[in-house]
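Undergrad: no letters, just coordinates:
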Ligand SMILES: NC(=O)NC(NC(N)=O)C(=O)[O-]
Ligand SMILES: [Zn+2]
Ligand SMILES: [Zn+2]
């Protein structure tokens, strides 16, 4: 027995010290170099910091090439022609994507993440996981629906605290322009100095009590501060045109009928707002009193008079731009089923004729960029059971599907991959002032989506949707083409084959 103990004991001691040594070494490393450990092991599903991506279809500012992109420490350091080729720095890992499309990650500048305060509606964690799964590598968060709203440097700080270690893609922030801060330039300057990328205001009630609407007078005040910072004003451009009495008279068959809702918010609301705005944007021209300021029209739905006003202002040299959203390009009023409040948004989805004209404007370059206006809520506030279009929350949930939806509907209208990339990456980057993103070019962040435009899938209950409330999305049940395979944010592989990287390593983007 004693002999046996003497034989086993050294072996046992060896094993125990072996385990203790590795345990201690690991925790020692973790304490000394937490960032190094995080970067190498958790931020990315790929453990290389210097590698190549090669594909037969890479969307670059010079067109689609068959070639390779070299990525080092989160940045693009070279782009060369020739599938499978490596430049001077050979011997690095090469990821071969064959004929899958390699494109700049999408930049969605109009997203309501609702945190802090209404995390039950969405949140930084769920919203940015959904973004990563959809090839969206940057989102810019709206200043409302979160509580409190982002209208001062103090409330921006709450946003930043809530976002810490919880964002899977990079996130910028819009600040809110409301009557209170419009009349107090020191609050606005504080908010802009704290790093919001620009301001957002509403010309009609926002549906959120601590985000009151602004008149054109407040907007002028806001623009004079923004001119100094050379940052844009983002405007929900609708002005209420008639009384409640009038709304009742135009009731087209009760609150469950989509036409009833459509008639409560006619295109004349958008036209009235844009008319007032272009009266002010003339001062943004070079040499004008508001030079440096810029007005951006949120979610344009009317492709007639409103669009003409914007085109005229642009041709006169005003600093103005406009976006529309996938839901105005995918759906038309005629096809919205009675009571299906998933489709309620403001301004409303209009008829098929309007949609056709909107596509034409997109393809001809009159609409500068696309954004989701992802604005979820709780299922009970969407009134899915009741189906009351007048009382339900207005907002469409779509963040994860920006790419396949735009592609599926756009390709029928002749949308090219280069146009898709301009509308979803380059133009939004320029508008938001984040020039280090938005294109596959040397020196830029390696924010990349790898996807297969030809692969079709059905958005059914088996599809992995990462949004907080998948059932709210108007796209559920649709068959789409364009499957996202992998997403890189600053060289970190944050999403692959339905899985996210273990740690949320997105960073806040603050203007300087
Ligand atoms: N409070 C909101 O989120 N409003 C949004 N609602 C929509 N679009 O229906 C918006 O951007 O106007
Ligand atoms: Zn809006
Ligand atoms: Zn919105």
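TA: Okay, I see it. Here the structure is a predicted model, which is why all the values come from computation and not from measurement. Ligands and ions are numbered 1, 2, ... in the order given.
Undergrad: where does the stretch 101-250 of the chain have low pLDDT?
TA: For the stretch 101-250 of the chain, residues meeting the criterion pLDDT under 70 lie at 243-250.
Undergrad: start from the N-terminal end of it and give the strands.
TA: If DSSP state E, counting those that start in this stretch is used as the criterion, the strands of the stretch 101-250 of the chain fall at 101-104, 106-111, 136-141, 170-173, 175-176, 199-202, 232-236.
Undergrad: of the ones you listed, flag the one that's most buried.
TA: Stretch with highest mean neighbour count among the strands of the stretch 101-250 of the chain: strand 175-176 (a mean of 32; mean count of other Cβ atoms under 10 Å). Quick note: C-beta positions are derived from backbone N, CA and C, even for glycine.
Undergrad: that one - contacts with which helices or strands?
TA: Packing partners of strand 175-176 (3 or more Cβ pairs under 8 Å, 6 or more residues apart in numbering; DSSP states H and E): helix 185-193, strand 199-202.
Undergrad: mind putting those in TSV, distance to residue 501 included?
TA: Output for the helices and strands packed on strand 175-176, formatted as TSV (distance: least, Cβ to Cβ, whole Å):
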stretch	distance to residue 501
helix 185-193	32
strand 199-202	30
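Undergrad: okay, these in TSV with distance to ligand 2 next?
TA: Converted to TSV, those look like this (distance: least, Cβ to the ion, whole Å):
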stretch	distance to ligand 2
helix 185-193	19
strand 199-202	7
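Undergrad: for ligand 3, find the nearest of these.
TA: Closest approach to ligand 3 among these (Cβ to the ion): strand 199-202, 8.2 Å.
Undergrad: what residues does the residue in the chain that ligand 2 sits nearest to make contact with?
TA: Residue nearest to ligand 2 within the chain (Cβ to the ion): residue 236, separated by 3.5 Å. By Cβ atoms under 8 Å, 6 or more residues apart in numbering, residue 236 lies in contact with 200, 201, 202, 203, 204, 206, 298, 299.
Undergrad: I figured residue 202 hits residue 211, correct?
TA: Yes - assessed by Cβ atoms under 8 Å, residue 202 is found in contact with residue 211 at 6.8 Å.
Undergrad: what is the burial count for residue 165?
TA: Neighbourhood size, residue 165 [other Cβ atoms under 10 Å]: 11.
Undergrad: contact partners for it?
TA: 503, 504 are the contacts of residue 165 under Cβ under 8 Å, 6+ apart.
Undergrad: ligand 3 contacts on the stretch 251-400 of the chain?
TA: Applying Cβ under 5 Å from the ion, we find that the stretch 251-400 of the chain lies next to ligand 3 at 373, 375.
Undergrad: ok, which stretches of the stretch 251-400 of the chain are strands?
TA: Counting by DSSP E, counting those that start in this stretch, the segments of the stretch 251-400 of the chain that form strands are 294-297, 320-324, 369-370.
Undergrad: check which helices and strands the shortest one sits against.
TA: Packing partners of strand 369-370 (3+ Cβ pairs under 8 Å, 6+ apart): strand 320-324, helix 427-432.
Undergrad: please produce TSV containing the ones you listed, extended by mean pLDDT and mean neighbour count.
TA: Converted to TSV, the helices and strands packed on strand 369-370 look like this (pLDDT from 0 to 100; neighbours: other Cβ atoms under 10 Å):
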stretch	mean pLDDT	mean neighbour count
strand 320-324	99	23
helix 427-432	98	22
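Undergrad: could I get the ones you listed in a markdown table, plus columns for distance to ligand 2?
TA: Formatted as a markdown table, the helices and strands packed on strand 369-370 follow (distance: least, Cβ to the ion, whole Å):
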| stretch | distance to ligand 2 |
| --- | --- |
| strand 320-324 | 11 |
| helix 427-432 | 16 |
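Undergrad: could you find the closest non-adjacent residue to residue 297?
TA: Counting by Cβ to Cβ, 6 or more residues apart in numbering, residue 297 lies nearest to residue 322, which is 4.2 Å off, once chain neighbours are set aside.
Undergrad: the residue nearest to residue 298 when sequence neighbours are not counted and residue 317: what is the separation?
TA: Nearest residue to residue 298, sequence neighbours excluded (Cβ to Cβ, 6+ apart): residue 236, at 5.1 Å. Going from residue 236 to residue 317 by Cβ to Cβ, to the nearest Å gives 25 Å.
Undergrad: residue 393 is nearest to which of the helices and strands packed on strand 369-370?
TA: Closest to residue 393 of those is strand 320-324 (Cβ to Cβ; 20.9 Å).
Undergrad: and the closest one, which strands flank it?
TA: strand 294-297 (parallel), strand 369-370 (parallel) (DSSP bridges).
Undergrad: what angle separates it from strand 106-111?
TA: Angle of strand 320-324 versus strand 106-111, following axes from the mean of the first three to the mean of the last three Cα atoms, to 10 degrees, is 100 degrees.
Undergrad: check whether strand 320-324 comes near ligand 1.
TA: No - Strand 320-324 lies out of reach of ligand 1 by Cβ under 6 Å from any ligand atom, never closer than 11.1 Å.
Undergrad: between that strand and strand 232-236, how many degrees?
TA: Comparing the axes of strand 320-324 and strand 232-236 via the same axes, to 10 degrees yields an angle of 50 degrees.
Undergrad: what does strand 320-324 contact?
TA: Residues contacting strand 320-324 (Cβ under 8 Å, 6+ apart): 109-110, 232, 277-278, 281, 284, 294-301, 307, 310, 313-314, 358, 361-362, 366-371, 431.
Undergrad: how about a cut-off of 6 Å?
TA: Contacts to strand 320-324, defined as Cβ atoms under 6 Å, 6 or more residues apart in numbering, come from residues 281, 295, 296, 297, 300, 310, 313, 358, 367, 368, 369, 371.
Undergrad: stretch 491-505 now?
TA: Counting by Cβ under 6 Å, 6+ apart, 38, 42-46, 71, 74, 129, 132-133, 165-168, 446, 464, 486-487 sit against stretch 491-505.
Undergrad: can you list the residues of the stretch 1-150 of the chain near ligand 1?
TA: Residues of the stretch 1-150 of the chain lying close to ligand 1 by Cβ under 6 Å from any ligand atom are 112, 144, 145.
Undergrad: wait, which of the contacts of residue 236 is closest to residue 225?
TA: For those, the closest approach to residue 225 (Cβ to Cβ) belongs to residue 201, at 12.3 Å.
Undergrad: looks like the closest one contacts residue 212 (just checking).
TA: No - judged on Cβ atoms under 6 Å, residue 201 makes no contact with residue 212 at a distance of 9.6 Å.
Undergrad: kindly reformat the strands paired with strand 320-324 as JSON lines containing mean neighbour count and distance to ligand 1.
TA: Below are these laid out as JSON lines (neighbours: other Cβ atoms under 10 Å; distance: least, Cβ to the nearest ligand atom, whole Å):
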{"stretch": "strand 294-297", "mean neighbour count": "24", "distance to ligand 1": "12"}
{"stretch": "strand 369-370", "mean neighbour count": "27", "distance to ligand 1": "14"}
